[in-house]
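Trainee: pasting the structure only:
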Ligand code: NAD
């Protein structure tokens, strides 16, 4: 890819220093609202990856030896740094991946602070073991210990959030960390690395940007790496599993989904429609949300009402508005990358070719959707698109599209709704809308998903686990998963 001049250049954080990639190689980062380069990020080499791992390895013994309260103090400082630089971080994330500023400012930044503070509060618990009396003369106990060097690999749709949940909990438990953000949207993570440079002892936190296809294998298979956490696609998870097969190490995989949002006939339709159009699938980052409710299962008796409600909501310019992503009145951003933009366009066409009915949307491109904004013509805009299908077997109902595209599928009975919801290789999330409490509990128990929301959607919190089942992954970015238990018996 051509490299532009006159753009701000960002650097890796390795061993407590800001460093360019070997040979100074850089790649352009594209603002998806304009399609133009706006910053340059390091294109790190395998050699840089090894340097980052070695820095983390060197820093580990001293970081592990600190008391939990000393580690917690660093994490609280990190939360403070994020709070005082929140506006800048929000703007960088917005320009990098297109997630609108009103959501990065008021949604993302406060959550980041919460995560870093929560991890600080859990630092003591991370190392707390159990006392196990075994006989009058023998005492068993367990110690919880950090793994060592943790590599956290993050996606382009939520760089700062995934940085936080991996780094904060791993560091709290006494591990040292190498974060590798997606090369497609690395600016906010690199800038955060810069801001945190003096918060942690050198080498404790490292941030390195480079193509996963080139440096990923080195990062995950290096013998000094003790644990790997990926948030990303199933294809990348398979590559990591292959790369580490010869030298197995614990993995956390937070992967994709094809989540069902189930609307029963007694649902509060107005609230369910609002969720669909704002925080379930047609979101401020255009449905590029791992838990996106991309299959909307609707009781046949209310499907016309739901379709009409969604159409009315999406047509209202007061409620849904494309525009410059840094403008706080814009509610809907572009697709983060050109390749993802093209993939979503082809999925919409595929759905129509497969026989799905177009209920709303389907258009794409700046010329079509923002005719009065010549500055945004080349951005990767896609209209929220609602399809309808009688069957769950279409590819658009089975494959993760990862964009503002949902398929509505009718059902007649609760049993059918459960069967349809579970008829997918994924198991990340599900939503249920009903006024019947008994049915709500039955559905929560019956759905194959790591997260189920009733009469709401996408509600996550630091005190709840977050992870998937089936092909949506395993493990959680939590304090528990970043320490391991050692057993000891003392004979007296
Ligand atoms: P991706 O798998 O293409 O990339 C994720 C990261 O993996 C990037 O940093 C990339 O550089 C790196 N990578 C690529 N190849 C690699 C390799 N061979 N070895 C090691 N690392 C490699 O995913 P994406 O396109 O950036 O993100 C979208 C995907 O992420 C979707 O499937 C989405 O559902 C998923 N996601 C899941 C969650 C969750 O919590 N479950 C959250 C956000 C996104």
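Mentor: That came in fine, so what should we check first? Given the structure is predicted, the values throughout are model-derived calculations rather than measurements.
Trainee: any weak-confidence spans in this protein?
Mentor: Residue ranges of the chain with pLDDT under 70: 1-5.
Trainee: show me which residues of it sit near the ligand.
Mentor: Residues of the chain found near the ligand (Cβ under 6 Å from any ligand atom) are 153-158, 180-183, 212-213, 216-217, 220, 231-233, 236, 239-240, 254-257, 290, 400, 402, 428, 468, 473. C-beta: built from backbone N, CA, C; applies to glycine.
Trainee: which of those residues are buried, as a ChimeraX select command?
Mentor: Applying 16 or more other Cβ atoms under 10 Å to the residues of the chain next to the ligand, the buried members can be selected in ChimeraX as follows:
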select :153,154,155,156,157,158,180,181,182,183,212,216,217,220,231,232,236,239,240,254,255,256,257,290,400,402,428,468,473
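Trainee: inside strands: which ones of the residues of the chain next to the ligand?
Mentor: Among the residues of the chain next to the ligand, DSSP state E puts 153, 180, 231, 254, 473 in strands.
Trainee: from those, pick the one nearest the ligand.
Mentor: The closest of these to the ligand turns out to be residue 254 (Cβ to the nearest ligand atom; 3.5 Å).
Trainee: ramachandran angles for the residue nearest the centre of the chain?
Mentor: Closest residue to the average C-alpha location of the chain: residue 158 at 4.7 Å, with Cα atoms, centre = their mean. As for residue 158, its main-chain torsions (degrees, to the nearest 10) stand at phi -150, psi 60.
Trainee: in the stretch 351-492 of the chain, which spans are helices?
Mentor: For the stretch 351-492 of the chain, the helices defined by DSSP state H, counting those that start in this stretch cover 366-369, 395-398, 414-422, 437-446.
Trainee: show me what the third one is packed against.
Mentor: Spelled out, it's helix 414-422. strand 260-263, strand 295-299, strand 405-411, helix 437-446 (3 or more Cβ pairs under 8 Å, 6 or more residues apart in numbering; DSSP states H and E).
Trainee: looking at those, which is buried most?
Mentor: Neighbour counts (mean count of other Cβ atoms under 10 Å) averaged over each of the helices and strands packed on helix 414-422 peak at strand 260-263, with a mean of 28.
Trainee: show me what contacts the residue nearest to the centre of the chain?
Mentor: Contact analysis of residue 158 by Cβ atoms under 8 Å, 6 or more residues apart in numbering lists 231, 290.
Trainee: can you give me the distance of it to residue 318?
Mentor: Distance of residue 158 to residue 318, given as Cβ to Cβ, to the nearest Å: 27 Å.
Trainee: one more: residue 130?
Mentor: 56 Å.
Trainee: tell me which of these two has more neighbours.
Mentor: Counted by other Cβ atoms under 10 Å, residue 130 and residue 318 do not tie: residue 130 has more neighbours, with 11 against 7.
Trainee: leaving out chain neighbours, which residue sits closest to that one?
Mentor: Excluding the flanking residues, the one nearest residue 130 by Cβ to Cβ, 6 or more residues apart in numbering is residue 142, at 4.9 Å.
Trainee: any idea which element that neighbour lies in?
Mentor: Assigned by DSSP states H and E, residue 142 falls within strand 138-146.
Trainee: name the residues that touch that strand?
Mentor: 60, 64, 126-134, 170, 173-175, 482-492.
Trainee: which of the ones in strands among the residues of the chain next to the ligand sit farthest apart?
Mentor: Largest separation among those by Cβ to Cβ: 180 and 473, giving 17.6 Å.
Trainee: summarise which helices and strands the longest helix seen in the chain is packed against.
Mentor: If you go by DSSP state H, the chain has its longest helix at helix 46-65. Where contact means 3+ Cβ pairs under 8 Å, 6+ apart, helix 46-65 is packed against strand 12-14, strand 138-146, strand 149-153, strand 176-180, strand 205-207, helix 212-221.
Trainee: any idea of the angle that helix forms with strand 138-146?
Mentor: 140 degrees (axes from the mean of the first three to the mean of the last three Cα atoms, to 10 degrees).
Trainee: and the angle for helix 46-65 with helix 212-221?
Mentor: Using the same axes, to 10 degrees: helix 46-65 against helix 212-221 is 40 degrees.
Trainee: for helix 46-65, buried residues please.
Mentor: 46, 48-49, 51-60, 63-64.
Trainee: could you do stretch 180-200 as well?
Mentor: 180-197, 199-200.
Trainee: got TSV for the helices and strands packed on helix 46-65, with distance to residue 381 too?
Mentor: Output for those, formatted as TSV (distance: least, Cβ to Cβ, whole Å):
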stretch	distance to residue 381
strand 12-14	32
strand 138-146	44
strand 149-153	28
strand 176-180	29
strand 205-207	30
helix 212-221	26
